[in-house]
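1. My questions are about this predicted structure, shown below with the sequence.
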Amino acid sequence: MDFQSMMETFAEAWVAANTQTPLTEAAAAAAAAATDHSMVDSGNEKYTLG
C-alpha cells in the first residue's frame with residue numbers, strides 16, 4: 001500500500017469513527033442509561049412519611 005492509499009484509508013476510517021448517526025447516538029444513549037446508576041429509582045427515595 002502506498003502512502004496516498006494509506007492516507008485515504010485513514011481518512012475514511014477517521015470520518016466513520018467520528019460521524020454521529022441516529023443509530024450510534026441511540027446506542028450511546030442506551031449504554032449511558034444502562035450504566036448511570038443515579039437514574040435508578042428504587043421507589044423509596046422520593047417519598048418520606050412524616
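-> It's in.
2. For Met7, what is the enclosing helix or strand?
-> Element membership of Met7, judged by DSSP states H and E, is helix 3-18.
3. Contacts for that helix next, please.
-> Helix 3-18 has contacts (CB atoms under 8 Å, 6 or more residues apart in numbering) with Met1. Where you see a C-beta, it was placed from the backbone N, CA and C, and this is true even at glycine.
4. Buried residues in the host helix or strand of Ala26, which are they?
-> Using DSSP H and E, Ala26 maps to helix 22-35. Of all the residues in helix 22-35, not one is buried under the rule 16 or more other CB atoms under 10 Å.
5. pLDDT on it, on average?
-> What helix 22-35 shows for mean pLDDT is 76.
6. any idea of the angle it forms with helix 3-18?
-> Put simply, helix 22-35 runs at 50 degrees to helix 3-18, going by axes from the mean of the first three to the mean of the last three CA atoms, to 10 degrees.
7. tell me the mean pLDDT for the helix holding Met7?
-> Averaged across helix 3-18, the pLDDT comes to 93.
8. Buried residues of that helix, list them for me.
-> Counting neighbours, the buried set in helix 3-18 is empty (16+ other CB under 10 Å).
9. CA atoms only for it - export them in PDB, please.
-> Extracted in PDB, the C-alpha atoms of helix 3-18 (Å, rounded to 0.1, in the frame of the first residue of the first chain):
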ATOM      1  CA  PHE A   3       1.300   6.400   1.200                       C
ATOM      2  CA  GLN A   4      -1.600   8.000  -0.700                       C
ATOM      3  CA  SER A   5      -3.800   4.900  -0.300                       C
ATOM      4  CA  MET A   6      -2.800   4.700   3.400                       C
ATOM      5  CA  MET A   7      -3.800   8.300   4.000                       C
ATOM      6  CA  GLU A   8      -7.100   7.800   2.100                       C
ATOM      7  CA  THR A   9      -7.900   4.700   4.200                       C
ATOM      8  CA  PHE A  10      -7.000   6.500   7.400                       C
ATOM      9  CA  ALA A  11      -9.200   9.500   6.400                       C
ATOM     10  CA  GLU A  12     -12.200   7.200   5.600                       C
ATOM     11  CA  ALA A  13     -11.800   5.400   9.000                       C
ATOM     12  CA  TRP A  14     -11.500   8.700  10.800                       C
ATOM     13  CA  VAL A  15     -14.700  10.000   9.300                       C
ATOM     14  CA  ALA A  16     -16.500   6.800  10.000                       C
ATOM     15  CA  ALA A  17     -15.400   6.800  13.600                       C
ATOM     16  CA  ASN A  18     -16.300  10.400  14.300                       C
END
